[in-house]
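> sequence unknown, structure follows:
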């Protein structure tokens, strides 16, 4: 069974500061990992994904994440926060196939950006 | 190309009423999913489908039924709504390992 743990349900940063959102996963097979962003009253938008290619993955809006197998982690970072980054972020894991590609989500981290 | 659409966007039901949520995708994806989102719980998988005519249970299937009669549509039914089913429902579709494309959600309140 797969699972995802997002450390910190709420992260607050100042505009221009580093953003670090933590995600640890558990999977019995090589995982596929994803970060999604959800703006208020909207659906989920894919930020980036790791699918067993390069371990450092770059996504949209300046975000990136590094897959570390030894730490079972896939933390999301952005060097300089912008007000428009305020949203809820979800980490998700897939077993990479099997037969359904379904996603298991973490509980989410709400990012607040202070001026 | 509309992506994934969901109908309706909002709905209020009384306990015991039934309703069907419609999800449609125009990307020719084989895989479709229904999730529910509750505060502090993330998204939890209700049911999913790996192709036309197939469905399977997810993590929280009780009280819901689904059908996938056409490849582009995935219906979620509530036969007898309960207050515990008050939630935001998201449909998603995908192909292979690319993650899911999500619809805008349906906000359901059961009184």
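Yep, it's here. These numbers come from a predicted model, not from an experiment.

> spell out which parts of chain A neighbour chain B.
Proximity of chain A to chain B (CB under 8 Å from any CB of the partner chain) is limited to residues A:4, A:9, A:32, A:34, A:36, A:42-46, A:49, A:51, A:90, A:92, A:94, A:96-97, A:99-108. (Glycine included, C-beta is placed from N, CA and C.)

> strand partners of the least confident helix or strand in chain A by mean pLDDT, parallel vs antiparallel please.
Within chain A, no helix or strand scores below strand A:103-105, which has a mean of 90 by mean pLDDT, DSSP states H and E. Looking at strand A:103-105 with DSSP bridges, its partner strands are strand A:87-94 (antiparallel).

> specify the beta-bridge partners of the residue positioned nearest the centre of chain B.
The centre of chain B sits closest to residue B:34, judged by CA atoms, centre = their mean, with a distance of 3.1 Å. Beta-bridge partners for residue B:34, by DSSP bridges, are residue B:47, residue B:91.

> quick revisit: so which of the residues of chain A next to chain B belong to helices?
In helices, judged by DSSP state H, none of these are found.

> okay, now the unreliable bits of the chain?
All of this is about chain A. A:96-100 (pLDDT under 70).

> not what I meant, chain B
B:97.

> spell out which parts of it neighbour chain A.
Counting by CB under 8 Å from any CB, chain B sits next to chain A at B:4, B:31, B:33, B:35, B:40-45, B:48, B:50, B:56, B:58, B:90, B:92, B:94, B:96-105.

> go again using 7 Å as the cut-off
Contacts of chain B with chain A, taken as CB under 7 Å from any CB of the partner chain, map to B:31, B:33, B:40-43, B:45, B:48, B:50, B:58, B:90, B:94, B:96-97, B:99-100, B:102-105.

> list the buried residues for stretch B:55-63?
B:55, B:58, B:60, B:61 (16 or more other CB atoms under 10 Å in any protein chain shown).

> show the contacting residues for the residue nearest the centre of chain A.
Nearest residue to the geometric centre of chain A (CA atoms, centre = their mean): residue A:35, 3.2 Å. Neighbour list for residue A:35: A:47, A:48, A:59, A:65, A:76, A:89, A:91 [criterion: CB atoms under 7 Å, 6 or more residues apart in numbering or on different chains].

> at 6 Å instead, please
Residue A:35 makes contact with A:47, A:48, A:65, A:76, A:91 under the criterion CB atoms under 6 Å, 6 or more residues apart in numbering or on different chains.

> of these - the most surrounded one?
residue A:91 (30 neighbours; other CB atoms under 10 Å in any protein chain shown).

> that one pairs with what?
Under the criterion used (DSSP bridges), residue A:91 bridges to residue A:35.
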